[in-house]
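> mind looking at a prediction? Sequence and model below.
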Amino acid sequence: QWNKKLNVNYAHSGNEMTEAEIADLSENLDIQALMAYRIEVGRKTHEVVSRLLPNAFNQKVEAERIKDSKKGRLAPKKARKLKMGIRSRIISHLSEGMINYPEINALWLEGADGTSTSDHLSDIDVVIHVNSGFETKALSICENLLEEIAALDLSYEEPRQHPNMRYKVFHLENTPSYLFIDVNVYSHRPFIEFDRFNDSEVPIVLFDKKQVIQIREHNESELQQTLRNRLHHLENTIKQKARVVKYIEEINLSKL
């Protein structure tokens, strides 16, 4: 309901929300609505949203933690709800901890958060845009911030061929096993483009000091051609499903 209100009444009209309206959203923890509003409408409300979100996140997470520690083992629905609270806490803590570094230009989420499909099985896809040469430091800052929440039982960097593109995956102790934190650090381009029509890749901007994120528009003919190309690749990928069957059979045979 709030997402609909934000998209229709604010994003398309260009009007700014009042602080009271933002506070109401923050109090009710409508995270996706606030994030959608912040990327669509503009920068003026950024400071207000950034100030209100973390407090609401942390208050909610602490209340959940106290309640659950008294009740013992969590029911499945409660476990899912608690995971979403932990997720929100991680996101807000990273945003608060990174925004004041001048070398960090932007921080945003992709994946399930961007498409508003996150659930108790979703990981967190974090993207950090930095000045060239600050990649290693950014990963270190990220790791230190996560360790302020809980100890890490996974901290692994996968190699990348491009020196200005880094990827590292983290997991916090005593958090759901599926809650991996995938961190990408970019400095290879001054701007990162997203296609407005592509609802499978949507950035949720936590902060953007240099307008790194660019939303690209398409005319009708470009859009049609892009969609045709995408369909072509998807169809030919699906035709290779026999590969999956083969791998499964090979694994099963190896167990005999």
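Thanks, I have it.

> now do the strands in the stretch 151-256 of the chain.
For the stretch 151-256 of the chain, strands defined by DSSP state E, counting those that start in this stretch occupy the ranges 152-158, 165-172, 181-186, 192-195, 204-208, 213-216.

> what's the most buried one of those strands?
Ranked by mean neighbour count under mean count of other Cβ atoms under 10 Å, the strands of the stretch 151-256 of the chain are led by strand 204-208, which reaches a mean of 22. Where you see a C-beta, it was placed from the backbone N, CA and C, and this is true even at glycine.

> any idea which of the strands of the stretch 151-256 of the chain gets closest to Thr115?
Shortest distance between Thr115 and these, using Cβ to Cβ, is found for strand 204-208: 9.4 Å.

> can you list the strands that the closest one pairs with?
Counting by DSSP bridges, the strands paired with strand 204-208 are strand 104-110 (antiparallel).

> what's the mean pLDDT across the partner strand?
Averaging pLDDT along strand 104-110 gives 95.

> quick revisit: closest one to Pro102 among the strands of the stretch 151-256 of the chain?
Taking Cβ to Cβ as the criterion, Pro102 comes closest to strand 204-208 out of the strands of the stretch 151-256 of the chain, the separation being 12.4 Å.

> identify the residues contacting the host helix or strand of Lys137?
Using DSSP states H and E, the secondary-structure element containing Lys137 is helix 135-149. Residues from elsewhere that reach helix 135-149, judged by Cβ atoms under 8 Å, 6 or more residues apart in numbering: 89-90, 93-94, 97-98, 101, 103-104, 126, 128, 130, 152, 155, 157, 163-164, 166, 168, 170, 172, 181, 183, 185, 187.

> circling back: need the strands of the stretch 151-256 of the chain in CSV with mean pLDDT and distance to Val245, can you?
Listed next are these as CSV, based on pLDDT from 0 to 100; distance: least, Cβ to Cβ, whole Å:
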stretch, mean pLDDT, distance to Val245
strand 152-158, 95, 27
strand 165-172, 96, 28
strand 181-186, 96, 28
strand 192-195, 87, 33
strand 204-208, 93, 36
strand 213-216, 88, 38
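
> okay, these in CSV with distance to Asn236 next?
Formatted as CSV, the strands of the stretch 151-256 of the chain follow (distance: least, Cβ to Cβ, whole Å):
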stretch, distance to Asn236
strand 152-158, 27
strand 165-172, 27
strand 181-186, 27
strand 192-195, 21
strand 204-208, 31
strand 213-216, 25
